[in-house]
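> With the sequence up front, the predicted model follows.
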Amino acid sequence: MGVLISLLIGCVVAFAAPLLNRAAGSRAGVILALLPLGLTAYFATFVPRIAAEGALRQSIAWVPALNVNLSFYVDGLSVLFALIISGVGFFIVLYGSGYLKGHRDLGRFYLAVTLFMVSMLGVVLADNIITLFVFWELTSFTSYLLIGFNHEQERARKAALQALLVTGTGGLALLGGLILMAFVGGSYEISELLNQGEVLREHGLYTAILILVLAGCFTKSAQFPFHFWLPAAMEAPTPVSAYLHSATMVKAGVYLMARLHPALGGTDLWILLLAGFGAATMVIGSWLALCHSDLKRILAYTTVMGLGTLTMLLGIGQTEYAVVAVAVFTLAHSLYKGALFMVAGSIDHEAGTRDVGEVGGLRKAMPITAAAALVAALSMAGIVPFFGFIAKEFVYEAALAAGSLPRLLLALAILANVAGVAAAGIVALKPFYGPVRTTPKHPHEAPIAMWAGPVVLALLGLLFGLAPGLIAAPLINPVAGAIAGAPVSVELVLWHGFTPVLGMSLMTLALGIGVFFLWNTWRESRFARGFNRAFGVAPENAYFRTIDGMLWIAHWQTRIFQSGYLRHYLTTVIGVTAFAVGFTLLSRHGLVLPGGWSAITFYEWTLAGIMAAGALVAVFARSRVTMVVAIGAVGFSVALIYLANSAPDLSITQIMVETLTVVLFALVLIHLPSLRPVESRASRLRDAAVATALGAAVTLVMLTVLTEPISPHLTEYFGAHSYVTAHGRNIVNVILVDFRALDTLGEIVVLGIAGLGVFALVKLRAKKRRDGGADV
Amino acid sequence: MKSLILQTIARLLLPLMILFSVFLMLRGHNEPGGGFIGGLVGAGAFSLYAVAFGPASARGVLRADPRTLLGLGLLVTVLSGFFAMVLGDAFLTGQWLIFHIGEADFHLGTALLFDIGVYLVVVGATLTVIFSLEEEST
């Protein structure tokens, strides 16, 4: 229950946040930051419990009939992510209160960011796959609100929509994959599916499951070729980018892949897809970062690189090195990237620009921010004694230990990290050192709310680097164990001795420094431009072309189907129904006509005769009133037939509906133009054919149904249970209000909407006429 | 269209039909009837009155806007389903109280609440349509 309550508290706080913002003013940020702080403390209490007792499960029934439970599974992996989400969340709320100080929509920011945090916690803690999916979609939804925070700018709206469409499409694929997985594995709980690994991997649907799940993860975690939405989402305010696009949301896909690794991982297809796409994303992201001069874009592309690295590591996750590398790199990346994003935002906020070419020498004006940036960047570059160094060592070790193509993977990792070193230097050194440049705003140090986050996150990167033993046993080992599906115990040490990997680290550093100094030359080279066009711009253009294509198809089919004439719609609907019903009947069943015509009584023949006559009169009548009367005769005859077959409820309903129909007709008839034979002979023949076809199809279906013996099962069931369980003797009504009450609820909602629809149509027309507009 | 005969009859029939509609609704659980049929009869009562006296008078007699009835009905229906959830059953599971009055048992259940909701929606939706169309034609 504890986890659920903590999430519910988060929801309540989220929706109270706008009110609090209005009431508490500038103190609101500090007050609201208490929520993530409390959550961090709460999740921290799980760390010793999990190290001692293993994973915990909490569950309450939600929709038990559909196997949907609000169940949560807390193990090392969940706790690591939960701690990152709530811990970074604490600094983000503080940072946001400074960054957006005085913004009129600050309350909305608090609402969306808190709600996002809760959703994200839900994703990493959920055990039931449907619960997981609901939270997963909630993160997409809240990130849409956050990316589009500056909704008056078209670019922000477009970026938000793009992120939503890309991750939402992936989300649908994911849902399919998860349901297939539950179907094959026989459970909706991830904790149980994890034990079904062999069944899942050997099932015929494995390929489908894997591809669908990965489609969800790859889009969410911005893997090539879906990476384009992440840099575009930099339109979001910086606190959002720092939170969603470095530490949390984009890692949801990585989390899910890590979570499902024991169930789905280790096959050739898994290795090929994850290592392949991961490595490609890593290299492409890292070098695209160097094609840009906007600080946030550089960081966004290095995040793409980080996500690619994690995916690649999960692909080769069969070794202990790889799973430990995932755990260490996830933590290290969240710490330094969160800090650097906040630094970039502070530069933007204080200097008025975040283009590397336009800022310089800010060190003196912003000493604290500069120091935090330097420490974080050293970790990002993987330099001793920072935590990033340990992470990079593990990445290299994992690549070397990979089962297939270790040398290629290692070479690619080094290639990407060279660019990563250069990017770290660009972000942390260029704005703060060198000659002072005039910027749009006169720069000065950011307020404490805005430097607290970068400083603490950067220092944590240093602390974990100096004393990795602090987190190795309690945190990293359980995480690695959860990913591997078996206990893992490694000792994290800063200094491995003079190993080949250390040599590669040094080489990476040297090459990275070289690239850093050649950055301007590289950025303006034709190769870099072509690279950016091919891997940065082209995928996004493909996205735009897809959207344009979909819109074109929508226009095209609207033009064809939506003529605006009621009679065309009726012809289409009736014709399609007649064809579908008739075709299905003839192809699946064939024509079988029932016997027993002699059992039809005299008055049934009479009623049928009246109905047939009424229908004919209605078709050939020259005035509308005659038509209404003729159709009324048909309706009342139907009511009598119900009565004759002991269905008084149906009969009364039919009579009442017929009566009210007459009233309605009387009211509508006044408005209709006089009946004129406006249609040609051909169109009348066509209408007759369509109408006859439907009549014939329905009649034949009814007759065919009668040839089958009617199953007494339902009648007996309702007869036996109606009074006992639902306390009613009128079975029809008991079905309506009890056994199938949800259907009735749906029907009356439809009825209500139809009523309101008519009201809107009528009143809209009346208003138009009053306003002197054209009468339609 | 003012008809003295229609107006006299409508004035007499209105209370009778309303009573009858409520009767139909209440008996529906054991005998032919129910919220849907009752609602149609109730709507018929006010439609008749509206035809005789015009929609403005009918609205006066009804007092509430039909759209309010419609919304209220939906609310009642949905709320009747929540009783079960509070008591730990699935949404809309019938909940019953059984009183023993003398020899007879009296069964009171959420199904009645549900049926009242249906009744209100049917009356509300039908009258929304009929009143607005009628106001258009006058």
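Sure thing, it's come through.
> so who does residue 26 touch?
Reading this off chain A. A:97, A:101 (Cβ atoms under 8 Å, 6 or more residues apart in numbering or on different chains). The way it works is simple: take the backbone N, C-alpha and C, and place the C-beta from them, glycine included.
> other chain: chain B
B:33, B:38, B:112.
> Just give me how far the helix or strand encompassing residue B:131 sits from the chain centre.
Using DSSP states H and E, residue B:131 falls within helix B:110-137. Computed by Cα atoms, centre = their mean, to the nearest Å, the separation of helix B:110-137 from the middle of its chain amounts to 7 Å.
> ditto for stretch B:94-107
24 Å.
> same question for stretch A:451-460, mean pLDDT?
Averaged over stretch A:451-460, pLDDT sits at 92.
> what does it contact?
For stretch A:451-460, contacts defined as Cβ under 8 Å, 6+ apart pick out A:88, A:91-92, A:94-95, A:242, A:335-336, A:338-340, A:342-343, A:346, A:368-369, A:371-373, A:375-376, A:379, A:387, A:445.
> if you look at those, which of them are in helices?
A:88, A:91-92, A:94-95, A:242, A:335-336, A:338-340, A:342-343, A:346, A:368-369, A:371-373, A:375-376, A:379, A:387 (DSSP state H).
> Next, count neighbours for residue A:520.
Residues lying near residue A:520 (other Cβ atoms under 10 Å in any protein chain shown) number 11.
> Likewise for residue A:18?
Residue A:18, neighbours per other Cβ under 10 Å, totals 17.
> same check, this time on the one 3 residues further on
Close neighbours of residue A:21, defined as other Cβ under 10 Å, add up to 23.
> Surely it is in contact with residue A:105?
No: assessed by Cβ atoms under 8 Å, residue A:21 is found out of contact with residue A:105, at 9.7 Å.
> Pass me the low-pLDDT residue ranges in the chain, would you?
All of this is about chain A. For chain A, applying pLDDT under 70 flags the ranges A:1, A:675-679, A:772-776.
> meant chain B, my bad for not saying
Along chain B, the model assigns pLDDT under 70 to residues B:1, B:138.
> mind listing what residue 95 touches?
You didn't say which chain, so I picked chain A. A:239, A:242, A:342, A:345, A:449, A:450, A:452, A:453 are the contacts of residue A:95 under Cβ under 8 Å, 6+ apart.
> that's the wrong chain, I wanted chain B
Counting by Cβ under 8 Å, 6+ apart, residue B:95 has contacts B:83, B:84, B:87, B:89, B:109, B:110.
> Redo these as CSV? Include neighbour count and distance to chain A.
Formatted as CSV, these follow (neighbours: other Cβ atoms under 10 Å in any protein chain shown; distance: Cβ to the nearest Cβ, whole Å):
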residue, neighbour count, distance to chain A
B:83, 18, 12
B:84, 17, 10
B:87, 10, 14
B:89, 13, 11
B:109, 21, 6
B:110, 23, 9
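> near chain A, which of the contacts of residue B:26 show up?
residue B:33 (Cβ under 8 Å from any Cβ of the partner chain).
> how many neighbours does residue 6 have?
Because you didn't say which chain, this covers chain A. For residue A:6, using other Cβ under 10 Å, the count is 20.
> was after chain B, sorry
Look at residue B:6: counted by other Cβ under 10 Å, it has 16 neighbours.
> Make sure it is actually in contact with residue B:51.
Yes: taking Cβ under 8 Å as the definition, residue B:6 is a contact partner of residue B:51 at 7.2 Å.
> my read is residue B:97 is in a strand, agree?
Yes: applying DSSP: H, G, I helix; E, B strand; the rest coil, one finds residue B:97 inside a strand.
> What strand or helix carries the nearest residue to it once chain neighbours are set aside?
Once flanking residues are discounted, residue B:97 sits nearest to residue B:108: 4.7 Å by Cβ to Cβ, 6 or more residues apart in numbering or on different chains. For residue B:108, the host element (DSSP H and E) is strand B:104-109.
> Which parts of that strand count as buried, going by neighbours?
B:107, B:109 (16 or more other Cβ atoms under 10 Å in any protein chain shown).
> can you list the residues that contact it?
Applying Cβ under 8 Å, 6+ apart, the set of residues contacting strand B:104-109 is A:726, A:727, B:94, B:95, B:96, B:97, B:98, B:99, B:100.
> just the buried members of those residues?
A:726, A:727, B:94, B:95.
> Identify the residues contacting the residue in chain B that chain A sits nearest to.
Proximity of chain B to chain A (Cβ to the nearest Cβ) peaks at residue B:125, 3.2 Å away. When contacts are counted by Cβ under 8 Å, 6+ apart, residue B:125 is found next to A:748, A:751, A:752, A:754, A:755, A:756, B:66, B:70.
> which among the residues you listed end up buried?
A:748, A:751, A:752, A:755, A:756, B:66, B:70.
> Mind checking which residue lies nearest the centre of the chain?
Went with chain A since none was named. residue A:137 (3.2 Å; Cα atoms, centre = their mean).
> wrong one, I was asking about chain B
Centrality entry for chain B: nearest residue to the mean C-alpha point is residue B:119, 3.4 Å, by Cα atoms, centre = their mean.
> shouldn't it be in contact with residue B:33?
No: look at residue B:119 against residue B:33 with Cβ under 8 Å: they stay out of range, at 10.5 Å.
> where do the contact lists of those two overlap?
residue B:25.
> and residue 77, how many residues sit next to it?
Defaulting to chain A. Residue A:77, neighbours per other Cβ under 10 Å, totals 26.
> Switch to chain B, please.
26.
> So for residue A:70, what's the nearest residue that isn't a sequence neighbour?
residue A:62 (4.7 Å).
> Please give me every residue in contact with that neighbour.
By Cβ under 8 Å, 6+ apart, the neighbours of residue A:62 are A:68, A:69, A:70, A:128, A:131.
> Going along the chain, name the strands of chain B.
Remark: strands assigned in chain B by DSSP state E are B:96-101, B:104-109.
> Tell me, how many residues neighbour the residue lying closest to residue A:500 once chain neighbours are set aside?
The shortest distance from residue A:500 to any non-neighbouring residue, by Cβ to Cβ, 6+ apart, is to residue A:400 (7.8 Å). Look at residue A:400: counted by other Cβ under 10 Å, it has 17 neighbours.
> Please, which helix or strand holds residue A:400?
Residue-wise, residue A:400 maps onto helix A:387-401 under DSSP H and E.
> same for that helix, what does it pack against?
helix A:295-315, helix A:320-351, helix A:367-381, helix A:406-429, helix A:448-466, helix A:500-517 (3 or more Cβ pairs under 8 Å, 6 or more residues apart in numbering or on different chains; DSSP states H and E).
> sorry, back to before: tell me which strands the strand holding residue B:108 pairs with, and in which orientation.
Taking DSSP bridges as the criterion, strand B:104-109 forms sheet pairs with strand B:96-101 (antiparallel).
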